[in-house]
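no sequence on this one, just coordinates:
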């Protein structure tokens, strides 16, 4: 997904990837598959800011495919991952601006017979191993970058950096149409100010926001993950998590064989890009929008944002620097934060 004609191109980092598996018959598969994109829900991080937040989307909170988008497809062998096949499928020339598109085989292993079920992942850029094979336990490594870029659509509206999102699902057959499932959520900062922004750095008070994560792909399960995240709440105001969630997650991460490395609690949105070479100018009388793709579970213990201006000054936004359930990032949800102060005065 690229920026053109798109509302949003978009836990334990990618450990949040848990999807519904389905059985399938041994049958010849097509070299093309029909993939739908999901929309987003929207919530306000702080109810006291409800009067300052509003929907910024048109077309039903949807984002859209573009020509040449790519998705990684795994033909999973659950008993021996060395036999799992990987291929990259790409959109055809009719994908631009659509929420549904046909993806054709592009490169990697040409599939013939299903080995168990198929695992789909977007974007391909997050797959650290490319089309290389997996080990016996189906371990795959995904990279969550610490840097994102301020992005505009064709109408110069700010949107999410498409490389910062993540979607996936499991299907029994490539012959059926299916809808991807969100892995990440979105943080939307709405800022007022008088200076031009060079970059914005967000730091979680407790959890990693970027790094590498490895897991056994055949062990992911959406029902398990959904049940856990329903219990992802604070047990008390000091930031202690719900014991029920902690117990479930500890058990599930063992099953997944979940490992992380190069973890950072910070992510940075670069605002000096080809589209905005002099930075993003804030205004005093209206809020400017900034979007971050963020792993589910982040921010529940609070976070801070540091805004760096092009004149080499900076200011911290500490409005959310404490534990609160409504701050938490959830998969497929845009959480808005709208500090009232005018920055840079």
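All right, it came through fine. This one's a predicted model, so the numbers in the text were calculated from it and none came from an experiment. Residues are numbered from 1 along each chain as shown.

residue boundaries of the strands in the stretch 1-150 of the chain?
For the stretch 1-150 of the chain, strands defined by DSSP state E, counting those that start in this stretch occupy the ranges 32-36, 41-44, 70-76, 85-91, 100-108, 117-122, 139-144, 147-149.

tell me the contacts of residue 202?
Shown in contact with residue 202 (Cβ atoms under 8 Å, 6 or more residues apart in numbering): 187, 209, 266-269, 292, 294, 303-305. To be clear about C-beta, it is placed using only N, CA and C from the backbone, and glycine gets the same treatment.

filter those residues down to the buried ones.
187, 209, 267-269, 292, 294, 303, 305 (16 or more other Cβ atoms under 10 Å).

just the ones of these in strands?
Of the buried ones among the contacts of residue 202, the ones assigned to strands by DSSP state E are 187, 267-269, 292, 294, 303, 305.

and which of those residues is nearest to residue 137?
residue 294 (28.5 Å; Cβ to Cβ).

how many neighbours does residue 73 have?
27 (other Cβ atoms under 10 Å).

need the strands of the stretch 1-150 of the chain in a markdown table with distance to residue 343 and mean pLDDT, can you?
Shown next, in a markdown table, are the strands of the stretch 1-150 of the chain (distance: least, Cβ to Cβ, whole Å; pLDDT from 0 to 100):
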| stretch | distance to residue 343 | mean pLDDT |
| --- | --- | --- |
| strand 32-36 | 39 | 57 |
| strand 41-44 | 20 | 59 |
| strand 70-76 | 38 | 91 |
| strand 85-91 | 40 | 90 |
| strand 100-108 | 40 | 81 |
| strand 117-122 | 34 | 88 |
| strand 139-144 | 27 | 94 |
| strand 147-149 | 20 | 96 |
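
format these as TSV; extra columns: distance to residue 219.
Shown next, in TSV, are the strands of the stretch 1-150 of the chain (distance: least, Cβ to Cβ, whole Å):
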stretch	distance to residue 219
strand 32-36	23
strand 41-44	27
strand 70-76	10
strand 85-91	17
strand 100-108	22
strand 117-122	11
strand 139-144	10
strand 147-149	29
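
what residues sit buried inside stretch 170-186?
Applying a neighbour-count criterion of 16+ other Cβ under 10 Å, one finds 170-174, 178, 180-186 buried in stretch 170-186.

what's across from residue 102 in the sheet?
residue 34 (DSSP bridges).

so it makes contact with residue 91?
Yes: between residue 102 and residue 91 there is a contact under Cβ atoms under 8 Å: 7.2 Å.

between these two, who's got more neighbours?
More crowded of residue 102 and residue 91, by other Cβ under 10 Å: residue 91, with 22 against 18.

isn't that one right up against residue 106?
No: in this structure, residue 91 is not within contact of residue 106 by Cβ under 8 Å, at 9.5 Å.

which residues do these two both contact?
Taking Cβ under 8 Å, 6+ apart as the criterion, residue 91 and residue 106 both touch residue 70.

now for residue 71: which residues touch it?
With contact set as Cβ under 8 Å, 6+ apart, residue 71 has these partners: 35, 88-90, 103, 120-124.

now, among those, which is nearest to residue 322?
Nearest to residue 322 among the contacts of residue 71, counting by Cβ to Cβ, is residue 123 at 33.4 Å.

next, count neighbours for the closest one.
19.

now do the one 4 residues further on
As a burial measure, residue 127 scores 20 neighbours (other Cβ under 10 Å).

do residue 319 as well
Applying other Cβ under 10 Å, we find 19 other residues in the vicinity of residue 319.

doesn't it lie inside a strand?
No: read with DSSP: H, G, I helix; E, B strand; the rest coil, residue 319 is coil and lies in no strand.

what's around the closest residue to it other than its chain neighbours, how many residues?
In this structure, residue 319 finds its nearest non-sequential neighbour in residue 339, 4.7 Å apart by Cβ to Cβ, 6 or more residues apart in numbering. Residue 339 has 19 neighbours, counted by other Cβ under 10 Å.

tell me the bridge partners for residue 342.
Residue 342 has these beta-bridge partners by DSSP bridges: residue 192.

I'd guessed it sits against residue 193; true?
Yes: in terms of Cβ under 8 Å, residue 342 counts as a neighbour of residue 193; the distance is 5.9 Å.

as a check, name the ranges of all helices in the stretch 201-345 of the chain.
All helices of the stretch 201-345 of the chain, identified by DSSP state H, counting those that start in this stretch, fall at 222-230, 243-256.

hang on, the earlier thing: just send the buried ones among the contacts of residue 202 back as a markdown table, with pLDDT too.
As requested, the buried ones among the contacts of residue 202 are exported to a markdown table (pLDDT from 0 to 100):
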| residue | pLDDT |
| --- | --- |
| 187 | 94 |
| 209 | 96 |
| 267 | 97 |
| 268 | 98 |
| 269 | 98 |
| 292 | 95 |
| 294 | 95 |
| 303 | 97 |
| 305 | 97 |
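
below-threshold pLDDT in this protein: ranges please.
By pLDDT under 70, the low-scoring segments of the chain are 1-67, 95-100, 222.
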